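Participant: task: produce atomic coordinates for the following.
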Amino acid sequence: MKVRHALITAANPRQRTLPLQTLSDRDGIARSALEIVLREAAGAGIEEFVVVVCPGDEAAYAVAAGDLRDRVQFAIQAEPLGYRDAVLQGRHIVGDHPFLHLVGDHLHLSDTTVSCARQLLEIAAAEQAPVSSVPPTRESQLTSFGAIGGKLVGGDTPLYEIEAVLEKPTPTVAEQELLVPGMRAGFYLCFFGLHVLDSEIFSLLDEQRAAAPSAPLGLSAALHTLGLPPTLPGPEN
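Facilitator: Modelled structure (predicted):
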């Protein structure tokens, strides 16, 4: 699976300014959070970027993209219709190509010299399948994330085959429906804001939108249907 595109969602009205904040990267250089995200993806081999933004935010995000501005296209989410709708806004640019999906308000810190994005892309290429990063997460944080249940499929890198995906479950529901053999008590595997997906995800999101056009749904239901085969644990953060 050769992945050349990245789709970055940054149109959440409550978080739209977070990617514009200036931070110090791992080398101590001041950059916008958006540029840090873009540079990680570019360093992993991504060539073209689609950033989903609110109307009127293009100019500020163009500046924040720094030296990678010429490789960025913007897709506009005209109304705050949720995560599902934001991803669909990038479809006309990404097309039928597989893509790396990141969320604009997350920075991913690898505990090795290999970036999180590169780790994920290497797994997707090796498995020839969609893949997500899912770090162990305390049950007290479950209501902030999508979480999975599944089974370990082995290999040199811990990979899990997804059997269920739930959006922001309570600990009680997670204990009943999101079991992962071998996981430490009180921890579950939650999405890390980092996925490699193919164009099938757009069709699944379209179907969900047709079934509930006014519901601002996330990705979890589509990922459950997609049945992402292997998943890669990300570093704890």
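
Participant: residues contacting residue 171?
Facilitator: 139-140, 142 (CB atoms under 8 Å, 6 or more residues apart in numbering). Any C-beta I mention is one placed from the backbone N, CA and C, and that applies to glycine too.

Participant: most surrounded residue in the residues you listed?
Facilitator: Neighbour counts for the contacts of residue 171 (other CB atoms under 10 Å) peak at residue 142, which has 23 neighbours.

Participant: got phi/psi on that one?
Facilitator: Per-residue torsions, residue 142: phi -60, psi -40 (degrees, to the nearest 10).

Participant: for residue 51, same thing?
Facilitator: Per-residue torsions, residue 51: phi -110, psi 120 (degrees, to the nearest 10).

Participant: tell me how many other residues crowd it.
Facilitator: Look at residue 51: counted by other CB under 10 Å, it has 27 neighbours.

Participant: how about residue 222?
Facilitator: By the measure other CB under 10 Å, the count of residues near residue 222 is 22.

Participant: hang on, it in a helix?
Facilitator: Yes - under DSSP: H, G, I helix; E, B strand; the rest coil, residue 222 sits within a helix.

Participant: mind listing what it touches?
Facilitator: Going by CB under 8 Å, 6+ apart, residue 222 touches 84, 201, 204-205, 208.

Participant: which one of the contacts of residue 171 sits closest to residue 93?
Facilitator: Here the nearest of those to residue 93, counting by CB to CB, is residue 142; it sits at 33.2 Å.

Participant: that closest one and residue 32, how far apart?
Facilitator: To residue 32, residue 142 is 30 Å away according to CB to CB, to the nearest Å.
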